[in-house]
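>>> Return atomic coordinates for the entry below.
(3 chains)
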Amino acid sequence: MKKKKAAGNGAFKWFVMPIYLFTLFFVIGPLIYMVILSFLEREETWGVTNTFTFGNYLSIFDPIYLKTFAESLRLALISTVLVAFFGYVFGYFMAKLKPRMRKMMMMLLMIPFWTNSLIRLYGWIIIFRANGTLDSVLMAIGLIKEPLKLLYTYPAVVVGMIYALIPFMILSVYSSVEKMDWHLVEAARDLGATPAKAFWTVTFRLTLPGLLTGIILTFVPSMGLFFIADILGGNKVVLVGNLIQEQLMKVHNWPFAAALSVVLMLIMTVMIWAYRKIAKADELEARL
Amino acid sequence: MKNRTKWPSVYLAVLMALMYLPILLVIIYSFNESKITSVWGGFSLRWYTELFRDRTMFEALLNSLFVGVVSCFLAALIGTFGAVGMSKVSFRSKGVIEYASQLPMMIPEIVLGMVFLTYFSLLRLPFGMITLIIAHTAFCIPYVYMEVKARLVGLDPSYVEAAKDLGASEIRAFFDIIFPLMLPAVASGVLLAFAMSFDDVIISVFVTGVDVNTLPIKVYSQVKTGVTPKINALCTLMFAITVIVIVIFNIIRRKNDVKTLENKDL
Amino acid sequence: MKKFIALMLAVLVLAGCMAGCAKKKETLTIYTWEGMFPQEVLDAFTKETGIEINYAVFDTDETMLAKLEAAKGGDYDLVIADDYIIEMAINEGLVQKLDKSKIKNIDSINPVYQKQFYDPTDEYTVPYGAGVQTIVYDPSKVTVDIKGYADLWDESLKDSIGIIANYRVINGMALKVLGKSYNTENAEEIEAAGAKLNELAPNIRLIKDDNLQDDLLSGEISAAVMYTSQVTMAKLENPDLKVVYPVEGIGFGIMGAFIPSKAPNADAAHKFIDYILDAKNSAACFEYLGYYCTTKTADELIADEYKDFLTLPADFDASKTEMIENVSAEISELHDKVFTEFKSLCE
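This is a model prediction of the structure:
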């Protein structure tokens, strides 16, 4: 593996062929179209003209749109941090179960997500609504006297986000904890490390790639997810996703929607790049 | 690892229960007489009767399953081979392609849907199953790719070295050594990808053709006229079938596995 | 690897076949929202004419137009969508003129719903349902006597109103309170309406389009601005709710049926239009749908329990209604901005 030369590509060049072709034809192709679109002018009622403009990008600097970007980032970060915490612990414990239990857990984890997401969100509405499941339980044990009015609030949105995104984290962490070599932890313990220290210096470092993947798999969709904010937040939290949706579907301003998407994509790329730098992901991967 | 407390199990159980709570409520409310999805109006099988009269709902379900399975299969192939291959080749374009292949995850679905629509009609692809599968494969690949890549990182290279020392070719070493080690990651990637595909509406509605409806399209296009608990009934049925399949699967496997498990258990 | 490629190809061919090889009988492809017709009415049409119905669905009007454009006016035989998008489709040349000689029941259409902005000479469309936006409230929870939109600004309604997510309707509400038109092209008027709307923000608990009636019925909100079909559902469930036709005026919307320019089976589409204009079928459709009935011959066949919902009250001043029409690009961008700002203040 050290002698990585052009000749070393050997048979592996056939391995990457499908992803090269597919990406070229069905990802890069459409994307070029999107970027071009973002520099065009809109037609008065429907469609686009062939006139070049920077105007779409300049429009984004309107305070109300900038605020929307900030709001999306805030929600995405809050959700990602919470998902990382709960998901890591879950994935870690899950990987320590007996093999048969692990497989069971993995299936159990995914089954709820194979049903329709809109319907699952209706389930949460039933839980959160005034005098709903949560209120009844809390009132029965005497914790509260008045209904909480949790539905259509920010906390409800955050819970919905965690719920939707946590499988991504759990499965990523799980698959990296599962392959971990536990002898290293035992060795650290034998050398006198406390359990906490052994966890931090060995386990955590070795499972970092999984956490990293999980965080990206969580953060990326959370920037674009607006359905949850709509349904559990009563549309009061305006995210970039909502904005793009409305520009496309109600205002019929496709170029502006495309420009918003390009900017969203760039922000995510920068955030992921910065994050990987901080987490030293490249060093981790270089060990391969 | 013998110092087990019960806290991990409690944590797992509580979180798992929370994940099933909304589903449980969906199931309960599928037996709700009222047309209103969140008000209890008494027990009834009304929505199940309506569901069984609506064959288009089942057609949509089959379409969704088909699209999900085929796209996940393609994504698993392309993603797994891609991730493994990318770690071995040294093309200059590698970084670009790798980044680009992940982009469908970063672009809001609505824009991706719109762009696919225009692009496919530019290519003169007939809208229908094929365009649906291409679009779904595009956003499924990143999940498989990322999971496999994460598992490749830190994989002990000595396995492959050992195989090669024993005279195996690089390819042979891949199929015999790396591939089996990758399987759990492929599996978790596919599980996620399937969930995404099975639930996607925004992209699907743009790239589908005249006679292919998927289940989510059926659900979301009800928004104008009101979503009825018929969907709850369908979700309940699907849920029940999934559980039954998994239980049977496990019983069969347990019979086969008993011996191997006894040796492997940690 | 060859095996994999072969397998992939085989799967694709199979998929293509499933998509393409299915058709044999004469079919009619209808493109609209889910749940626009009772299944019995569709089945009876097939039984009567032998034409199989292929029911394709979209989620929003815009998806429909984008798809229709990609198909260059082909693929679909009959489309039912909202008024404003029909105007765009006609302007894009995607709609064909109706052959009225093939529609025997054409005269049964209620003239109130004809000669509208999107089709001033009734050449392209027949109406299929209409709706208004009204205020509905629960008198047991609301202390003010709501007569019009202006009453929604009352402080006693803090955090208890639900509204639909259509910015033309909601901004229009504020425009109406200020005595302006829904369709104003005057940017200052819209900005003034935006400022007025921002004062409403503390009272708003919820903004959404789907199933808003559920929240009113479950007590999550005590007053709502919603669409006709939602009002119908809410009233049927809880007759004590009060429906208010706002004194400031009412925004009107009509759904219309049209035949795309290159419809593969325009003949069957004409047959279907004729079929649903039949009084009996029409009555069945509107009872099921809960929108205002656009077929006058059907009015008398509608069951009593629905009678109150399927048309405007007789004493309502018809001059107070206004269609919500398309406005210029610049103005719709302004509308969106105003609405976005309002939403972000509601939190």
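
>>> Any regions of chain B where pLDDT drops low?
Within chain B, the ranges that satisfy pLDDT under 70 run B:1-4, B:37-39, B:154, B:156, B:223-224, B:257-266.

>>> Quick one: residues contacting the spatially most central residue of it.
With distances taken as CA atoms, centre = their mean, the residue of chain B nearest its centroid is residue B:194 (1.4 Å). Applying CB atoms under 8 Å, 6 or more residues apart in numbering or on different chains to residue B:194 gives the contacts A:110, A:114, B:68, B:69, B:72, B:140. In short, each C-beta sits where N, CA and C put it, glycine included.

>>> With residue C:45 instead?
Residue C:45 touches C:51, C:53, C:272, C:275, counting by CB under 8 Å, 6+ apart.

>>> What segments of chain C are helices?
For chain C, applying DSSP state H gives helices covering C:2-20, C:39-49, C:61-70, C:83-91, C:167-177, C:187-200, C:212-217, C:228-237, C:266-277, C:279-289, C:304-307, C:329-346.

>>> now swap in the stretch 51-200 of chain A and tell me
A:55-59, A:63-95, A:99-110, A:117-128, A:133-140, A:154-178, A:182-190, A:195-198 (DSSP state H, counting those that start in this stretch).

>>> Of the ones you listed, which stretch is the most buried?
Ranked by mean neighbour count under mean count of other CB atoms under 10 Å in any protein chain shown, these are led by helix A:154-178, which reaches a mean of 25.

>>> roughly how far out does that one sit from the chain middle?
9 Å (CA atoms, centre = their mean, to the nearest Å).

>>> Which residues of the stretch 101-250 of chain A lie near chain C?
A:129-131, A:149, A:151-152, A:154, A:230-231, A:234-238, A:243, A:246-250 (CB under 8 Å from any CB of the partner chain).

>>> Can I have the buried ones of the residues you listed as a PyMOL selection?
Of these, the buried ones go into a single PyMOL selection, burial set by 16 or more other CB atoms under 10 Å in any protein chain shown:
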select buried, chain A and resi 129+130+149+151+152+154+230+231+234+235+236+237+238+243+246+247+248+249+250
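
>>> what about residue B:9, which helix or strand?
Following DSSP states H and E, one finds residue B:9 within helix B:7-29.

>>> Give the next helix or strand downstream of the helix or strand that contains the residue nearest to the centre of chain B.
Assessed by DSSP H and E, residue B:194 sits inside helix B:179-199. Next helix or strand after helix B:179-199 toward the C-terminus (DSSP H and E): helix B:202-207.

>>> Show residues contacting that following helix.
Taking CB under 8 Å, 6+ apart as the rule, helix B:202-207 contacts B:67, B:109-110, B:112-114, B:116-117, B:120, B:127, B:131-132, B:134-136, B:139, B:214, B:216-217, B:220-221, C:58-59, C:63, C:66-67.

>>> Got a quick PyMOL command for the buried subset of those?
Those of those that count as buried under 16+ other CB under 10 Å are selected in PyMOL with:
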select buried, (chain B and resi 67+109+110+112+113+114+116+117+120+127+131+132+134+135+136+139+214+216+217+220+221) or (chain C and resi 58+59+63+66+67)
